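Chemist: make a model of this:
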Amino acid sequence: MRLPNFALTLCTIALTVVAALPAAQAQAGKKRVSPPAKADVQLPNGTISIDYCQPSIDGREIFGATGGATKPLVPYGEVWRTGANAATILKTTTALQIGSLNVPAGTYTLYSLPTADSWMLIVNKQTGQWGTVYNKALDLGRVQMKTADNAVPVETFKIDFEKTMSDTTELHLKWANVDASVQITAVK
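Modeler: Numbering: from 1, shown residues only. The predicted model follows:
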């Protein structure tokens, strides 16, 4: 017996859906490659929060000079999105002094500029863009960061606040063998 065209179409759709179920179920259980994360700190005058995504080393060379056998994920001397995926967002409800940079209350994007010897933190006024979209003309400013070695390599990139006392804290960017930090003070 021959099925009418609409019945054949329904059977084809049903078979397609059933065949796709295992792939959809596997995708649903799959860990996101660079998951979203948040770092925040409460100071007497307000709150600082940073929304970013966390890439992992996964056997890759992270920081280094270009021109070697393998290209590092974050080449020295190039602006880095300071995370993965969408741009890393800094929100502050109070004016801040980040190192030597005055930052009014508001929303900004964070970039960084690593070199073999030092790091710069870049606070940029453009927001809402993908992490690789960087417009230097919109920089609020740049500030030098201190660098130290992590006791053990950090597999997954992490932003956090440490040594918070009263109206000061330290912002830390930790990944692989690098811990780059800068002091932040809430302006009264």
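
Chemist: which residues are in contact with the residue positioned nearest the centre of the chain?
Modeler: Closest to where the C-alpha atoms of the chain average out (Cα atoms, centre = their mean) is G83, at 2.4 Å. Going by Cβ atoms under 8 Å, 6 or more residues apart in numbering, G83 touches S34, Y52, C53, Q54, P55, G131, F157, I159. All C-beta atoms are positioned from the backbone trio N, CA, C, and that covers glycine.

Chemist: now do Y134
Modeler: So Y134 contacts V79, R81, Y111, N124 (Cβ under 8 Å, 6+ apart).

Chemist: 7 Å - rerun?
Modeler: V79, Y111 (Cβ atoms under 7 Å, 6 or more residues apart in numbering).

Chemist: where's it, which helix or strand?
Modeler: Per DSSP states H and E: Y134 is located in neither a helix nor a strand.

Chemist: distance check, it against T82.
Modeler: In this view, Y134 and T82 are 11 Å apart by Cβ to Cβ, to the nearest Å.

Chemist: which neighbours do those two share?
Modeler: Y111.

Chemist: on that earlier part again, closest to M120 out of the contacts of G83?
Modeler: Proximity of the contacts of G83 to M120 (Cβ to Cβ) peaks at I159, which lies at 15.8 Å.

Chemist: pretty sure the closest one contacts L173?
Modeler: Yes. I159 is in contact with L173 according to Cβ atoms under 7 Å; the separation is 5.8 Å.

Chemist: excluding chain neighbours, what is closest to P104?
Modeler: Distances taken as Cβ to Cβ, 6 or more residues apart in numbering place A95 nearest to P104, at 5.3 Å, with adjacent residues excluded.

Chemist: and the stretch of helix or strand N150 belongs to, what's buried?
Modeler: For N150, the enclosing helix or strand under DSSP H and E is strand 139-165. For strand 139-165, the buried set under the neighbour-count rule, 16 or more other Cβ atoms under 10 Å, comprises 139-143, 145, 147, 154, 157-161.

Chemist: can you add distance to T115 and pLDDT and give those residues back as JSON lines?
Modeler: Shown next, in JSON lines, are the buried residues of strand 139-165 (distance: Cβ to Cβ, whole Å; pLDDT from 0 to 100):
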{"residue": "D139", "distance to T115": "17", "pLDDT": "97"}
{"residue": "L140", "distance to T115": "21", "pLDDT": "98"}
{"residue": "G141", "distance to T115": "18", "pLDDT": "98"}
{"residue": "R142", "distance to T115": "13", "pLDDT": "98"}
{"residue": "V143", "distance to T115": "15", "pLDDT": "98"}
{"residue": "M145", "distance to T115": "11", "pLDDT": "97"}
{"residue": "T147", "distance to T115": "10", "pLDDT": "96"}
{"residue": "V154", "distance to T115": "19", "pLDDT": "95"}
{"residue": "F157", "distance to T115": "18", "pLDDT": "96"}
{"residue": "K158", "distance to T115": "21", "pLDDT": "97"}
{"residue": "I159", "distance to T115": "20", "pLDDT": "98"}
{"residue": "D160", "distance to T115": "23", "pLDDT": "97"}
{"residue": "F161", "distance to T115": "24", "pLDDT": "97"}
